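*Asks:* fold the following and give me the result.
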Amino acid sequence: MNTENNLPSFAICILEEQAQLTLADLCRACAVHAERIIELVDFGVLEPQGREPSRWIFTGSSLQRSRAALRLQRDLHIDVAGTALVLELLDEITQLKTRLRALGENIEA
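*Replies:* Got it, this is the predicted structure:
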């Protein structure tokens with residue numbers, strides 16, 4: 001909390017898809033230890049470039065996806081496997097909506 005005006009402070013991070021983040025960058029942006037991000041990679045939630053954690057490079061969308069995964073775990077108390085499944089299903093829904101829109105259907109959000 002900001003003590004001067006008692007308003008909460010927020011961290012805002014806007015990244016382009018082409019942004020490149022290291023494991024350390026992603027951990028800082030998500031405020032988690034590397035083990036949490038490594039676990040997301042192990043379960044296929046995130047797909048970094050590179051073969052080993054010290055050389056991993058993540059895109060800007062990885063930040064959004066990792067935050068969504070961590071929020072699901074925190075808010076719904078689901079494990080990483082469940083988180084991976086939820087995100088996979090949400091991705092599939094998004095793809096299906098896109099296909100329907102392309103076919104001229106009017107889908108409400």
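*Asks:* what segments of this protein are helices?
*Replies:* 23-30, 34-42, 60-76, 80-102 (DSSP state H).
*Asks:* residues of the longest one that come out buried?
*Replies:* Same thing as helix 80-102. 80, 83-84, 86-87 (16 or more other C-beta atoms under 10 Å). For the C-beta atoms, the positions are set from N, CA and C on the backbone; glycine is no exception.
*Asks:* shouldn't residue 36 be in contact with residue 70?
*Replies:* Yes - using C-beta atoms under 8 Å, residue 36 makes contact with residue 70 at a distance of 6.9 Å.
*Asks:* hmm, back to that, residue 50 is nearest to which of the helices of the chain?
*Replies:* Evaluated with C-beta to C-beta, the helices of the chain place helix 23-30 nearest to residue 50, the distance being 9.1 Å.
*Asks:* and the contacts of that closest one?
*Replies:* Helix 23-30 is contacted from outside by 13, 21, 33-34, 36-38, 48, 53-54, 56, 58, 62-63, 66-67, 70, using C-beta atoms under 8 Å, 6 or more residues apart in numbering.
*Asks:* ok, 10 Å please
*Replies:* 11, 13, 15, 19, 21-22, 32-38, 40-41, 46, 48, 50, 52-58, 62-63, 66-67, 69-71 (C-beta atoms under 10 Å, 6 or more residues apart in numbering).
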